[in-house]
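Student: the sequence and its predicted three-dimensional model are supplied below.
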Amino acid sequence: MTAPVRIGAVGYGYWGPNLVRNVDRLPDAELVAVCDASGDNLAKAACLYPNAAMVTDLDTMLAEHDLDAVVVATSAPSHHAIARRALEAGKHVFVEKPLTLTSADAQDLVALASEKGLTLMVGHLMVYHSAVRWIRETIANGDLGDVLYLYAQRLNLGKVRTEENAFWSLAPHDVSIALYLLGETPVSVSATGAAYLTGGVHDTVFATLHFASGKMANIHVSWLDPHKIRKFTIVGTKKMLVFDDMEATEKIWIYDKGVGAPESALAYGEDLSLRFGEIRVPWVPQKEPLALEVQHFLDCVRSGATPESDGRAGLAVVQVLEAVDASMAAGGAPVAIAQARP
């Protein structure tokens, strides 16, 4: 495919305008239609994109417009039905996170996309963050040594939600980053949380992901916290790294610190030594992650390559989200995650 990818966008509410803006400005894409049930939302889109058709019905958009792909930025409960309908119509599909609300639905989409030979990609935005990709390369180069564990914090005061809990709302980013950086999926999850503000809706969650390699990832999310924090800490055998996404420029700090055995023999209890070295703040040029993410989707549609955040990656994140819910319901007991994938 050499012509621009013809795109239909579904959902022009909260996040949809950002997605449509990037589709419209990339030369490899042509925004053909915008679909939203809200007349007000379509009126806003029509002012900005007068060459695109405005429709209120998905089936109408699929039937009346020549599309190569559909991008979906609707509420999570609608993801499965919309994505399935688009795949059935032979369109490549991009879906915002989470891919679906159940792993069964995610597996259904993965299987359908595979059967039809279509691209299915999920919007794990942080995977396309310049700093995250730099960190993954640093880990792959062995600069941190062997990664032992990591932990993430995504905290703020608000926005309080009443439909999904804090882990479903906030943690898909952190889960996708953890799986992307560690290069494996967890075998079990244990989690605790509390619903202080809305009955039955956990606003604070502490979850620990356990991996077959022995690595561990802890994720703390809350919208009931005095601090606005979006931070990752990665501990390796050689060095430690902190990624602070609230920093405007100095987002990554590398600490040459660790614990190791001394060169000469010591008495019992003195066989480990602390190491304190330099602190380095590398300069990592930043680009808009959403633009990189949309461009990657277009590239995969045109080449047939598998997206880095493909349907299977989306399924893996949904499996973790489900396991966290199950563990919290079981009082924090570990919940195994099936490794079988379609």
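Tutor: Cool, got the structure.
Student: buried ones in stretch 202-219, by neighbour count?
Tutor: Counting neighbours by 16 or more other Cβ atoms under 10 Å, one finds that the buried residues in stretch 202-219 are 202-211, 215-219. Using the backbone N, CA and C atoms, a C-beta is placed for each residue, glycine as well.
Student: hey, which helix or strand in this structure has the poorest pLDDT?
Tutor: When the helices and strands of the chain are scored by mean pLDDT, DSSP states H and E, strand 273-280 comes last with a mean of 86.
Student: so what does that strand touch, helix or strand wise?
Tutor: The elements that strand 273-280 packs onto, with contact taken as 3 or more Cβ pairs under 8 Å, 6 or more residues apart in numbering; DSSP states H and E, are strand 252-260.
Student: okay, now the unreliable bits of the stretch 151-300 of the chain?
Tutor: Where the stretch 151-300 of the chain drops to pLDDT under 70, the residues are 261-271.
Student: now the helices for it?
Tutor: According to DSSP state H, counting those that start in this stretch, the stretch 151-300 of the chain carries its helices in the segments 166-182, 289-303.
Student: for the ones you listed, which one sits closest to residue 43?
Tutor: helix 289-303 (23.4 Å; Cβ to Cβ).
Student: residues making contact with the closest one?
Tutor: Around helix 289-303, the neighbours that count as contacts under Cβ atoms under 8 Å, 6 or more residues apart in numbering are 1-2, 5, 18-19, 22-23, 25-26, 28-29, 68-69, 71, 92, 94, 119, 121, 123, 125-130, 305-309.
Student: can you list phi and psi of residue 101 for me?
Tutor: Dihedral pair for residue 101: phi -100, psi -10, per degrees, to the nearest 10.
Student: measure it to residue 81 for me?
Tutor: Here the criterion is Cβ to Cβ, to the nearest Å. By it, residue 101 lies 11 Å from residue 81.
Student: cool, and residue 2?
Tutor: Distance of residue 2 to residue 81, computed by Cβ to Cβ: 33 Å.
Student: comparing these two, which residue is more hemmed in?
Tutor: residue 81 (13 against 5; other Cβ atoms under 10 Å).
Student: which strand residues bridge residue 147?
Tutor: Beta-bridge partners recorded for residue 147 (DSSP bridges): residue 236.
Student: count of neighbours near it?
Tutor: Using other Cβ under 10 Å, residue 147 has 19 neighbouring residues.
Student: ok, back up a step: most tightly surrounded among the helices of the stretch 151-300 of the chain?
Tutor: Mean neighbour count (mean count of other Cβ atoms under 10 Å) peaks for helix 166-182 among the helices of the stretch 151-300 of the chain, with a mean of 25.
Student: closest to residue 41 out of the buried residues of stretch 202-219?
Tutor: Nearest member of the buried residues of stretch 202-219 to residue 41, counting by Cβ to Cβ, is residue 203, at 28.4 Å.
Student: so who does the closest one touch?
Tutor: 160, 165-166, 193-197, 222-224.
Student: filter those to the buried ones?
Tutor: Using 16+ other Cβ under 10 Å, the buried ones in the contacts of residue 203 are 165-166, 193, 222-223.
Student: residue 233: which of those is nearest?
Tutor: Using Cβ to Cβ, the buried ones among the contacts of residue 203 come closest to residue 233 at residue 222, 16.9 Å.
Student: contacting residues around the closest residue to that closest one other than its chain neighbours?
Tutor: In this structure, residue 222 finds its nearest non-sequential neighbour in residue 204, 4.1 Å apart by Cβ to Cβ, 6 or more residues apart in numbering. By Cβ under 8 Å, 6+ apart, the contact list for residue 204 reads 166, 193-194, 196, 221-222, 224-225.
Student: list the buried ones in stretch 223-238?
Tutor: Under the neighbour-count criterion of 16+ other Cβ under 10 Å, stretch 223-238 has 223, 225, 229-236 buried.
Student: hang on, I meant stretch 96-116
Tutor: 96-101, 103, 105-110, 112-113.
Student: how far off centre is that stretch?
Tutor: Its chain's average C-alpha position is 15 Å from that of stretch 96-116, according to Cα atoms, centre = their mean, to the nearest Å.
Student: swap in stretch 14-34?
Tutor: Counting by Cα atoms, centre = their mean, stretch 14-34 is centred 20 Å from the centre of its parent chain.
Student: try stretch 250-264
Tutor: With Cα atoms, centre = their mean, you get 29 Å for stretch 250-264.
Student: what does stretch 322-333 give?
Tutor: Mean-position distance between stretch 322-333 and its chain equals 21 Å (Cα atoms, centre = their mean).
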